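Engineer: Test case, fold it:
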Amino acid sequence: MSNHDEPTKINHAVSASTTDTPTTDVENPAPAGGFGVSAITRRWKRDDFLKKGALIARVLALVFSLLSFVIMASNKHGDWKNFDEYQEYRYLLAIAILSTLYTGAQALRHVNEIWKGKSIFEERISAMVDFLGDQVVAYLLLSSASAAIPLTNSMREGQDNIFTDSSASAISMSFFAFLCLALSAMVSGYKFSTQSYI
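Structural biologist: The predicted structure follows:
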């Protein structure tokens with residue numbers, strides 16, 4: 001009889017040791033961390049954050065471009081202190097106007113998309129236009145600011161007055177608009193790279 005009892009003790013010992021280790025359910029596996037409802041809601045939140053972030057960056061670029069445009073256009077103080085006598089300042093003004101129009105149109109388009117919940121253009125086309133437009137306008141803003149800086153610095157060496165201060169302010173606003181559009185270009189580049197083309 002002792003032989004009969006011994007195998008059951010061994011069986012109980014074996015079954016007890018197997019229940020101590022955690023086992024995975026092969027028939028009903030638990031979802032991994034990257035799948036399921038939580039991953040979908042995280043993606044929705046990220047997409048919503050990117051849309052609002054791009055809108056904020058474009059609105060800030062619009063404000064800075066408009067300020068640069070207004071400051072430079074009102075920089076007329078008589079004699080040699082008129083912005084339109086210098087081609088660098090005329091270039092800065094032209095790019096500020098272009099940037100104001102572009103960022104205003106893009107901001108209105110994004111507000112319309114957020115408000116109505118659907119895009120005016122196809123998602124791929126919209127992402128490509130955002131990416132290319134942001135890069136081109138950001139480059140033009142940086143180009144116009146860098147063209148006007150040497151002239152302003154040379155004028156400030158001889159005489160520091162309201163004309164050179166206004167010019168420096170307009171250049172600074174163009175540079176801040178460039179920074180905002182560069183950030184927007186990074187966001188639109190991310191959106192462009194995550195599009196599926198199938």
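
Engineer: immediately after the lowest-mean-pLDDT helix or strand in the chain, which helix or strand?
Structural biologist: Ranked by mean pLDDT, DSSP states H and E, the weakest helix or strand in the chain is helix 2-20, scoring a mean of 52. The first helix or strand that comes after helix 2-20 along the chain, using DSSP states H and E, is helix 37-73.

Engineer: where does this structure have low pLDDT?
Structural biologist: Where the chain drops to pLDDT under 70, the residues are 1-36, 43-44, 160, 197-198.

Engineer: wait, Leu142 sits on Phe178?
Structural biologist: Yes - here Leu142 reaches Phe178: they are 4.7 Å apart, a contact under Cβ atoms under 8 Å. Any C-beta I mention is one placed from the backbone N, CA and C, and that applies to glycine too.

Engineer: quick one, which of the two is more surrounded?
Structural biologist: Phe178 (25 against 18; other Cβ atoms under 10 Å).

Engineer: What sits closest to the more buried one if chain neighbours are left out?
Structural biologist: Nearest non-adjacent residue to Phe178, counting by Cβ to Cβ, 6 or more residues apart in numbering: Leu141, 4.0 Å away.

Engineer: Report how many residues lie close to the one you found.
Structural biologist: 29.

Engineer: Then Thr41?
Structural biologist: Neighbour tally, Thr41, other Cβ under 10 Å: 10.

Engineer: Relative to Asp48, how far out is it?
Structural biologist: To Asp48, Thr41 is 10 Å away according to Cβ to Cβ, to the nearest Å.

Engineer: now stretch 141-159, how far from the centre of its chain.
Structural biologist: For stretch 141-159, the gap between its own C-alpha mean and the chain's C-alpha mean amounts to 28 Å (Cα atoms, centre = their mean, to the nearest Å).

Engineer: For it, buried residues please.
Structural biologist: Leu141, Leu142, Ser144, Ala145, Ala147, Ala148, Ile149, Leu151, Thr152, Met155 (16 or more other Cβ atoms under 10 Å).

Engineer: My read is that the first one contacts Ser174, right?
Structural biologist: Yes - counting by Cβ under 8 Å, Ser174 is a contact partner of Leu141 at 5.2 Å.

Engineer: Quick check: neighbours shared by those two?
Structural biologist: By Cβ atoms under 8 Å, 6 or more residues apart in numbering, Leu141 and Ser174 have these common neighbours: Ser65, Ile95, Ala96, Ser99.

Engineer: Need the nearest residue in space to the last one, chain neighbours excluded.
Structural biologist: Put plainly, it is Ser99. When the adjacent residues along the chain are set aside, Ser99 lies closest to Ser65, with 3.9 Å between them (Cβ to Cβ, 6+ apart).

Engineer: Run a quick neighbour tally on that neighbour.
Structural biologist: The burial count for Ser65: 29, using other Cβ under 10 Å.

Engineer: roughly how far apart are it and Ser74?
Structural biologist: Applying Cβ to Cβ to Ser65 and Ser74 gives a distance of 15 Å.

Engineer: Same question for Phe49.
Structural biologist: Taking Cβ to Cβ, one finds Phe49 at 37 Å from Ser74.
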